[in-house]
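Enquirer: let's see this in three dimensions:
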Amino acid sequence: MGKWVVASAWPYINSVPHLGTIIHLLSADVYHRFLSLMGEDVISVSGSDEHGTPIEVEARKRNIDPKILTDEAHKYIVELLRRLDINLSNYSRTESKYHKEFVRSFMLKLEENGYIYTKEQVLPYCTKDGIFLPDRFVEGTCPRCGFPRARGDQCDNCGTLLDPIDLINPRCVFCGTKPVYKETMHWFFDLRKTQDKLEKWLKSNPNLDDRVRKYSLSWIREGLKPRSITRDVKWGIKAPFKNAGDKTIYVWIEALLGYLSASKEVLEKKGRKFEEFWHDPETKTVYFIGKDNIPFHAVILPAMLIASGEPYPLPYSIPSTEYILYEGEKFSKSRRVGLWIDEALELIDNPDYWRYTLIRMRPEERDSNFSWSEFARIINSELNDHIGNLVHRVLSFIKRFFKSRVPEPGKLDSIDEDYWKGINDNYIKYIDKMYSQKLKQASEHILSIARASNAYINRKEPWKQIKENPEDASTTIYLTSNTVALISLMLYPITPRSSKKIWKMLNLDKHYGEIENMRLSKHEAKHLVKPGIEVGEIEVLYRKIPEEFIDNIDRRIKSVREKINSRRPEVLRF
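Expert: As a prediction, this is how the structure comes out:
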């Protein structure tokens, strides 16, 4: 049994996660559940990224404390995660005392180790409001594409990363005044000093995806540059450095340390020590992120861990995904393109439908596209026709022909042996793909097992054999009942609710306990259903999505969106 820290990128608090951004939190939850089934010692962490200019801008416009906005938004998002059965060990927030204390202490350690230095910067300053204008405090025309509302940190139109000084015709977002430029002192993290160790780690870690490795090494080949780690904003963690005044730590720097602070928080609450995980070189840390976050997790985070001088394990794996499109378009809050998770759960309240579909659409190798036609196909064909139908066929046959008790098998013939070998092969591949964080590819093997099992039943025809060769029918149903139990375990990380239903229909909870406390073998698919076990009441696992629902989906979304938007905290409305 090894120690694991499973992490998901922290969503920024000013927006409800949509189908594309929820995938990282869902992936972390799925992976945690899988590792638990494998008997690993695992914690999973993420949280609300609260600080920075977007929230302060909104709070200034409303003349209220930023924490009022983030308190409401955090509570709302935590409830959405509960409804989606995303149950991480700790979904924290950057306003937690654990996080703020950890960040300040960590920054002082970097300074003590010689990785922090000061430098004067020339930045826009609003003479009317009496404030510097970092990041989103300033807007102007993008120097690259000419977009008139580019922000001081990035252009939303072309995606170019910017500094406030790059903008053409800049203006203060609060009063519209054209800023002047003034010098101000800031603190910098000297990435250059970590370059050799970073490069060695990137080249030697066999668990890094090639895409992550190549992208990060290209950054290093271009030469790492110092990064400013302080900002002239009030809403954030106060910089602990001498003479830093009211400056705060840059949100992207402190949010990365949330993986450590959230670990410390949950471990101490469990009566365990932070060092037990984070000072153990054998601990495996896994970060589920989008491809746009690669440099922060594969360069800046490990650089900070190196610079700390502490024995923190560098990332074991960074499974980054490509983008999910919505009906062929990029998600856009401003253009109302996409589906947000509160809207999704209002349209269809069964979380297993969303969890399964999103894992099946997970963009592991290339961009994927969410379409309602594909959603219906996945639910109707894969979940209902292949998996749900298999469960019903096997259990109803036991009910009807074996007085609700799993039969004693006879001697396996070549068809039976080939069938179970195929099941076992798919199971071993599933374990391998899950350990490699290829969750979509792993789910293919669950589906392959269901399809093979339905084909096996059709070939063996137990409804005929029950009269002509009862022993053969018993063997078929014994093997497939064990397959149903296996599918419930393999599906559990992805669809916990329906897996629990299958487990209880087989009455396995009375023999082995709850499904989440089971342990999977790494090496073989075992027969868990013993002859004589009595099958319980059969429930309908899945229901098909009707054509009428899909045909009228745009009207349904419009209606739901209006209703949901009125329920959201003000900061999350759009």
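Enquirer: would you map the strands across the stretch 151-300 of the chain?
Expert: For the stretch 151-300 of the chain, the strands defined by DSSP state E, counting those that start in this stretch occupy 168-172, 180-189, 227-228, 230-231, 248-249, 284-290.
Enquirer: quick one: mean pLDDT for the third one?
Expert: Mean pLDDT, taken over the full extent of strand 227-228, equals 92.
Enquirer: list the neighbouring strands of that strand plus their orientation.
Expert: strand 180-189 (antiparallel) (DSSP bridges).
Enquirer: quick one: the partner strand to strand 168-172, angle?
Expert: Taking axes from the mean of the first three to the mean of the last three Cα atoms, to 10 degrees, one finds that strand 180-189 is oriented at 90 degrees with respect to strand 168-172.
Enquirer: mind checking the SS state of residue 571?
Expert: helix (DSSP: H, G, I helix; E, B strand; the rest coil).
Enquirer: would you check that it makes contact with residue 73?
Expert: Yes - taking contacts as Cβ atoms under 8 Å, residue 571 lies within contact range of residue 73: 5.3 Å. Placement of C-beta: from N, CA and C, glycine included.
Enquirer: which neighbours do these two share?
Expert: Among the neighbours of residue 571, those also in contact with residue 73 (Cβ atoms under 8 Å, 6 or more residues apart in numbering) are 13, 14.
Enquirer: of the strands of the stretch 151-300 of the chain, which is nearest residue 340?
Expert: Closest of those to residue 340 is strand 284-290, at 16.4 Å (criterion: Cβ to Cβ).
Enquirer: so residue 108 touches residue 240, yeah?
Expert: Yes - using Cβ under 8 Å, residue 108 and residue 240 qualify as a contacting pair, with a distance of 5.3 Å.
Enquirer: how is this structure carved up into domains?
Expert: Taking automatic domain parsing as the reference, the chain has its domains at 3-113+251-326, 116-187, 371-517.
Enquirer: tell me the buried residues in stretch 407-418?
Expert: Counting neighbours by 16 or more other Cβ atoms under 10 Å, one finds that the buried residues in stretch 407-418 are 407, 409, 410, 416.
Enquirer: ok, now which ones touch the third one?
Expert: Which is residue 410. Taking Cβ under 8 Å, 6+ apart as the test, what residue 410 contacts is 471, 472, 474, 475.
Enquirer: between these, which sits nearest residue 53?
Expert: Here the nearest of the contacts of residue 410 to residue 53, counting by Cβ to Cβ, is residue 475; it sits at 66.7 Å.
Enquirer: on that earlier part again, just put the buried residues of stretch 407-418 in TSV and tack on pLDDT and distance to residue 567.
Expert: Putting those into TSV (pLDDT from 0 to 100; distance: Cβ to Cβ, whole Å) gives the following:
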residue	pLDDT	distance to residue 567
407	98	52
409	97	54
410	96	59
416	98	54
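Enquirer: okay, the strands of the stretch 151-300 of the chain, which one's buried deepest?
Expert: Of the strands of the stretch 151-300 of the chain, the one with the most neighbours on average (mean count of other Cβ atoms under 10 Å) is strand 230-231, at a mean of 26.
Enquirer: name the helices or strands packed onto that one?
Expert: The elements that strand 230-231 packs onto, with contact taken as 3 or more Cβ pairs under 8 Å, 6 or more residues apart in numbering; DSSP states H and E, are strand 180-189, strand 248-249.
Enquirer: and if we set it to 10 Å?
Expert: Contact analysis of strand 230-231 by 3 or more Cβ pairs under 10 Å, 6 or more residues apart in numbering; DSSP states H and E lists strand 116-126, strand 180-189, strand 248-249, helix 251-256 as its packing neighbours.
Enquirer: tell me which strands and helices the shortest one is in contact with?
Expert: So the one you mean is strand 248-249. helix 97-112, strand 230-231.
Enquirer: residue 298 is nearest to which of these?
Expert: Nearest to residue 298 among the helices and strands packed on strand 248-249 is helix 97-112; the distance by Cβ to Cβ comes to 18.8 Å.
Enquirer: mind listing what residue 20 touches?
Expert: Residue 20 sits next to 290, 321, 323-326, 330-331, 338-339, 358, 361, 363, 368, 370 when contact means Cβ atoms under 10 Å, 6 or more residues apart in numbering.
Enquirer: residue 571 and residue 73 - which one has more neighbours?
Expert: Neighbour totals were compared for residue 571 and residue 73, and residue 73 leads with 24 against 21 (other Cβ atoms under 10 Å).
Enquirer: my read: the more buried one touches residue 17, true?
Expert: No - judged on Cβ atoms under 10 Å, residue 73 makes no contact with residue 17 at a distance of 11.3 Å.
Enquirer: among the contacts of residue 410, name the buried ones.
Expert: Judged by neighbour count, with buriedness set by 16+ other Cβ under 10 Å, the buried members of the contacts of residue 410 are 472, 474, 475.
Enquirer: ok, and for whichever helix or strand the second one is part of, which residues are buried?
Expert: Taking DSSP states H and E as the criterion, residue 474 maps to helix 470-491. For helix 470-491, burial by neighbour count (16+ other Cβ under 10 Å) applies to 472-491.
Enquirer: ok, now stretch 88-100?
Expert: Along stretch 88-100, these residues count as buried under the neighbour rule (16+ other Cβ under 10 Å): 88, 89, 90, 91, 92, 93, 94, 95, 96, 98, 99, 100.
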